[in-house]
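Engineer: Got a predicted model here, sequence first, then my questions.
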Amino acid sequence: MSARIDDLLSRMTWAEKIGQLSIVFRPDPDDAAALVRKGLGSTFWPPSADATNALQRVAVEQTRLGIPLLVGLDVIHGQRTIAPIPLSQAAAFDPELVRALAHLAATEARSGGVTWTFSPMADVSRDPRWGRVSEGFGEDPWLTSLLVAAMVRGYQGDDLSAPDAIAATAKHFVGYGAGEGGRDYNGADLSERALRAVHLPPFEAAVRAGVASVMAAFTSVSGIPMHAHRHLLTEVLKQEWGFDGVIVGDAEGVANLVPHGVAEDLADAVRQAYAAGLDVEMGGSPLSLDAAEIAPGRLDPARVDDAVRRVLATKEALGLFENPYVDPTAEITTPDAASRTLVRAAAARGSVLLHNDGSLPLAAPRRLLLTGPYATSTDHLGAWVQYFGARAGSVADELRDRRPDLDILVEEGVDFLSPTDAGIAAAVRAAREVAVAVVLVGEPSALSGEAASRSDLRLPGRQEELIRAVAATGTPTVVVLVTGRPLVVAGWIDEVAAAVVVWHGGTEAPAAIVDLLLGDAEPSGRLPMSFPRSVGQIPIPYAHENTGRPASTGGTLTAEHHDVGLHGPGNVQDKYSSKYLDLPLGPQFSFGHGSGYARFSHGAPEVSASVFPAEGPDDETVTTVSIEVTNLADRRGDEVVQVYLRDVVASVTQPVRRLVGFARRTLDAGESATVSIALPREVFALWAEGWRVESGAFELHVGSTLATTQAIAVEAR
Ligand code: BGC
């Protein structure tokens with residue numbers, strides 16, 4: 001700890017210390033200045049470089065100790081240039097892309113005086129009913145860990161004091177994605193094993209990547225709200241992992257301990273939160289500086305000093321004691337060409353082709369129809385952007401600008417939510433007159449994100465009806481699905497020629513969608529989260545655990561079996577197995593599903609070592625998987641080779657398969673390449689009262705999707 005911090009701490013009054021432990025939402029400028037004069041340590045962004053400097057000047061010049069402010073903001077997927085939502089970024093299976101997008105966001109944000117973002121979201125999300133799945137990296141703990149670390153590196157760089165770096169926050173610690181029923185803010189009953197194997201790894205990856213702060217979750221874990229969870233906040237995060245940054249509360253999360261029913265009143269809530277290990281309260285109500293709740297004697301002085309040190313150390317790392325101000329002439333307020341190019345490429349890279357009979361890319365259509373609410377809607381930014389994020393245009397305008405030679409009919413057909421079908425007839429008439437119909441449908445941004453859980457995951461309003469009506473004309477129908485979460489697509493997916501998920505793609509989404517339609521870019525993402533067949537089968541992660549009665553076929557009440565009667569004679573031998581009677585097996589589209597416009601063949605996988613020592617350093621490569629991949633198409637394309645692990649016999653039940661490695665390669669038409677993926681020992685480890693690699697047999701499943709993998713055996717001894 002620096003001499004400066006020791007010195008400051010030795011001179012601070014109780015009130016000055018408490019002031020450092022609070023971040024308030026954006027107050028009006030006069031109130032903000034008054035709070036800062038009273039010692040407030042952190043605020044949400046004012047929001048401009050000038051306004052930030054003005055407030056910083058109050059802190060530096062008009063307070064006794066001149067401690068600069070931390071300036072926080074939810075910079076989630078872009079500040080001015082809006083990138084695709086994190087779920088889309090995850091679909092790109094490209095950590096370097098995630099890093100680059102976070103770096104762009106950090107550069108823009110810091111230029112305006114933001115020094116602290118509340119991102120990345122490290123919550124493993126296995127329940128698409130939960131609206132916040134849009135903010136995270138999907139259902140897989142290993143992929144989420146990799147991308148969380150990449151995003152932290154992108155925000156923070158090597159030096160937090162650099163003009164292109166901001167402090168990152170891994171949130172929401174922990175279990176927020178596991179809320180019962182997918183309902184936001186709901187509690188989760190999680191075993192130590194579920195925490196260790198699924199929910200904690202992305203946070204540990206963030207800590208290893210040097211994340212500056214971690215945010216406590218709104219949720220309760222096994223009966224203890226996270227803002228009061230001493231075991232997880234202090235014993236695991238701070239002591240076991242050695243996290244020396246700031247634990248920040250979520251918005252009013254401390255005050256929420258009262259309605260949670262574990263604190264008598266605000267004073268009790270504050271006492272519990274600080275005893276549990278919280279460092280900074282967000283919102284400002286409990287710690288309104290001179291409140292009785294935090295009078296001397298209410299909180300442990302050593303704990304308060306520890307929290308203050310963490311805050312001051314963050315300010316020091318950001319270089320704020322030397323450089324509290326930003327140069328207002330260098331504030332970035334609009335995207336430049338390079339940032340637009342980056343987010344446009346990202347939007348295509350994260351788009352996932354669900355299926356395609358060859359109708360995509362559109363083959364030189366002279367006359368086409370754009371229909372559905374997203375033909376003309378400009379709502380592409382996603383659920384969490386600030387009002388100053390650069391807006392997107394519409395697909396119809398973009399296509400008209402780019403291809404004035406085309407005869408483009410536009411009929412919205414239906415809007416997002418309303419029950420009226422007034423426009424469907426017009427859309428159907430238009431569909432009969434064109435060579436191809438593009439139906440642009442989806443979930444508007446407001447239906448995902450915080451406090452946006454849904455119980456029905458079909459397209460809202462009458463959009464499904466529009467798709468079916470257009471497809472029924474016989475005109476080849478291509479669906480572009482704009483969404484913040486996996487949706488249930490069973491009602492229409494088999495009736496259309498092609499479907500591509502483009503998520504909420506950000507400022508350049510319309511340009512990227514047109515790139516995909518015309519074949520100027522390929523949708524080369526893979527699903528980071530499974531698309532369920534029905535809400536009733538949620539959660540349906542691909543990495544579910546083995547059962548004693550795995551099913552090999554679907555239920556007897558499904559379309560595939562109904563011709564053999566209710567009891568399904570063909571299915572009798574599989575009756576007592578783990579499945580739903582009324583659904584085929586598995587999700588509609590599994591994690592890892594997707595293909596671009598090219599087509600690839602794979603040779604047989606090989607491993608550099610088929611036997612390796614069970615004990616040794618975690619990060620040591622124990623075997624390398626190689627596979628020859630050939631692009632069979634007449635166009636260049638990207639393949640994502642995925643490696644899944646099956647632990648054949650273990651001391652505790654294991655996922656049927658789980659992702660342990662992948663590689664994305666671009667291959668020219670006809671090109672072959674050997675793709676090699678090194679596997680460190682730690683990916684073979686399981687949690688059973690500690691991480692360890694158990695000796696015995698493993699299978700590696702290698703391929704372009706879970707459905708097409710080839711197995712190869714390895715053994716730990
Ligand atoms: C969200 C956090 C966010 C905070 C500050 C809360 O409601 O849960 O993710 O960082 O608000 O805006």
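Structural biologist: Sure, I can see it.
Engineer: How many residues are close by the spatially closest residue to residue 120 that is not a sequence neighbour?
Structural biologist: Distance criterion C-beta to C-beta, 6 or more residues apart in numbering; nearest residue to residue 120, sequence neighbours excluded, is residue 151 at 4.1 Å. Where you see a C-beta, it was placed from the backbone N, CA and C, and this is true even at glycine. Around residue 151 there are 31 other residues, counting by other C-beta atoms under 10 Å.
Engineer: Which strands or helices does the least confident helix or strand in the chain by mean pLDDT pack on?
Structural biologist: Every helix and strand of the chain was ranked by mean pLDDT, DSSP states H and E. The lowest is helix 29-37, at a mean of 89. With contacts taken as 3 or more C-beta pairs under 8 Å, 6 or more residues apart in numbering; DSSP states H and E, helix 29-37 sits against strand 42-44, helix 49-61.
Engineer: Between those, which one is closest to residue 709.
Structural biologist: Among the helices and strands packed on helix 29-37, strand 42-44 comes nearest to residue 709, with 46.7 Å by C-beta to C-beta.
Engineer: Direction included, what does the closest one pair up with?
Structural biologist: strand 22-24 (parallel), strand 70-73 (parallel) (DSSP bridges).
Engineer: so residue 150 sits in a helix?
Structural biologist: Yes: applying DSSP: H, G, I helix; E, B strand; the rest coil, one finds residue 150 inside a helix.
Engineer: which non-adjacent residue is nearest the closest residue to the ligand within the stretch 451-600 of the chain?
Structural biologist: Taking C-beta to the nearest ligand atom, the ligand has its nearest neighbour within the stretch 451-600 of the chain at residue 451, 8.2 Å off. Distance criterion C-beta to C-beta, 6+ apart; nearest residue to residue 451, sequence neighbours excluded, is residue 184 at 5.2 Å.
Engineer: from what I can see the one you found touches residue 448, true?
Structural biologist: No: checked against C-beta atoms under 8 Å, the pair residue 184 and residue 448 is beyond contact range at 11.0 Å.
Engineer: of these two, who's got more company?
Structural biologist: Between residue 184 and residue 448, counted using other C-beta under 10 Å, the more crowded position is residue 448 (27 against 18).
Engineer: who touches that one in this structure?
Structural biologist: 131, 132, 133, 134, 382, 383, 483, 484, 485, 504 (C-beta atoms under 8 Å, 6 or more residues apart in numbering).
Engineer: Go again with 7 Å.
Structural biologist: Shown in contact with residue 448 (C-beta atoms under 7 Å, 6 or more residues apart in numbering): 131, 134, 383, 484, 485.
Engineer: In three-state terms, label the residue lying closest to it once chain neighbours are set aside for me.
Structural biologist: Leaving out its chain neighbours, the residue that sits closest to residue 448 by C-beta to C-beta, 6+ apart is residue 484, at 2.8 Å. Secondary structure, three-state DSSP: residue 484 is coil.
Engineer: and if you look at residue 383?
Structural biologist: With three-state DSSP as the basis, residue 383 sits in coil.
Engineer: Tell me if I'm right that residue 709 and residue 644 touch.
Structural biologist: Yes: with contact defined as C-beta atoms under 7 Å, residue 709 reaches residue 644; the gap is 6.3 Å.
Engineer: Identify the contacts common to those two.
Structural biologist: Listed as contacting both residue 709 and residue 644 by C-beta under 7 Å, 6+ apart are residue 701.
Engineer: nearest to the ligand, of the helices and strands packed on helix 29-37?
Structural biologist: Closest of the helices and strands packed on helix 29-37 to the ligand is strand 42-44, at 7.6 Å (criterion: C-beta to the nearest ligand atom).
Engineer: ranking the strands paired with strand 42-44 by mean pLDDT, which is last?
Structural biologist: Of all the strands paired with strand 42-44, mean pLDDT reaches its minimum on strand 22-24 (a mean of 92).
Engineer: Which helix or strand contains residue 98?
Structural biologist: Assigned by DSSP states H and E, residue 98 belongs to helix 95-111.
Engineer: do residue 418 as well
Structural biologist: If you go by DSSP H and E, residue 418 is not part of any helix or strand.
Engineer: Around the ligand, pick out the residues from the chain.
Structural biologist: 74, 118, 171, 250, 251, 450 (C-beta under 6 Å from any ligand atom).
Engineer: State the distance spanning the first to the last residue of stretch 591-609.
Structural biologist: Using C-alpha to C-alpha, to the nearest Å, the end-to-end distance of stretch 591-609 comes out at 28 Å.
Engineer: any idea of the mean pLDDT in it?
Structural biologist: Computed over stretch 591-609, the average pLDDT equals 97.
Engineer: try stretch 314-325
Structural biologist: The average pLDDT within stretch 314-325 is 98.
Engineer: same question, stretch 376-388
Structural biologist: The average pLDDT for stretch 376-388 rounds to 95.
Engineer: Single out the residue in the stretch 1-150 of the chain that lies closest to the ligand.
Structural biologist: Nearest to the ligand, among the residues of the stretch 1-150 of the chain, is residue 118, at 3.4 Å (C-beta to the nearest ligand atom).
Engineer: about what we covered before: in JSON lines: the helices and strands packed on helix 29-37, plus mean neighbour count and mean pLDDT.
Structural biologist: Putting those into JSON lines (neighbours: other C-beta atoms under 10 Å; pLDDT from 0 to 100) gives the following:
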{"stretch": "strand 42-44", "mean neighbour count": "24", "mean pLDDT": "95"}
{"stretch": "helix 49-61", "mean neighbour count": "18", "mean pLDDT": "97"}
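Engineer: circling back: OK, contacts around the residue nearest to residue 451?
Structural biologist: 130, 131, 132, 450, 451, 453.
Engineer: Kindly report the same for residue 117.
Structural biologist: Going by C-beta under 7 Å, 6+ apart, residue 117 touches 73, 74, 75, 109, 155, 166, 168, 169.
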